[in-house]
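Engineer: what follows is a protein structure lacking sequence information:
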Ligand code: HEM
């Protein structure tokens, strides 16, 4: 259990980022009666940040290995070294 959005019985190649993936049914914002009430704000914030980045940034490259937090319940990064090159 605890695989959620990485459940290989629900998602093909769950560990791979695929921008064309159809994501309906993901549970990143929870579901049902306890679904995230702030998800529209969060989606708008994400769109604003990505639009601002796309306007100013030429590339973002990883410069080291991602380090994940030591948690049995959450998959979260503690560090992800990147180099940002502006336009
Ligand atoms: C990317 C950002 C966010 C993510 C990934 C996220 C994710 C989640 C998830 C997974 C839950 C369900 C937790 C559960 O099932 O126990 C949740 C609940 C909730 N979220 Fe978010 N959230 C985000 C941003 C926000 C924002 C911006 C707000 C407020 C403005 C917010 C307010 C809430 C509240 C109040 C609940 C509890 C709803 C309830 O139990 O009735 N969240 N969120």
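Structural biologist: Thanks, I have it. A quick note: this is a predicted structure, and the numbers were derived from the prediction, not measured. Numbers count the residues shown, from 1 in each chain.
Engineer: poorly predicted segments of this structure, please.
Structural biologist: 1-2 (pLDDT under 70).
Engineer: return the residues of the chain in contact with the ligand.
Structural biologist: With C-beta under 6 Å from any ligand atom as the criterion, the chain meets the ligand at residues 28-30, 34, 36-38, 41-42. (Each C-beta comes from the backbone N, C-alpha and C, glycine too.)
Engineer: is it possible to get TSV of the residues you listed that adds neighbour count?
Structural biologist: Converted to TSV, the residues of the chain next to the ligand look like this (neighbours: other C-beta atoms under 10 Å):
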residue	neighbour count
28	11
29	13
30	11
34	7
36	14
37	9
38	9
41	10
42	12
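Engineer: from the residues you listed, which two are the most distant?
Structural biologist: 34 and 41 (16.8 Å; C-beta to C-beta).
Engineer: next up, the contacts around residue 76.
Structural biologist: Residue 76 makes contacts with 68-69, as judged by C-beta atoms under 8 Å, 6 or more residues apart in numbering.
Engineer: what ranges does this structure have for its helices?
Structural biologist: Secondary structure of the chain (DSSP state H): helices at 39-56.
Engineer: of all of it, which residue lies closest to the ligand?
Structural biologist: Nearest to the ligand in the chain, going by C-beta to the nearest ligand atom, is residue 38, at a distance of 1.9 Å.
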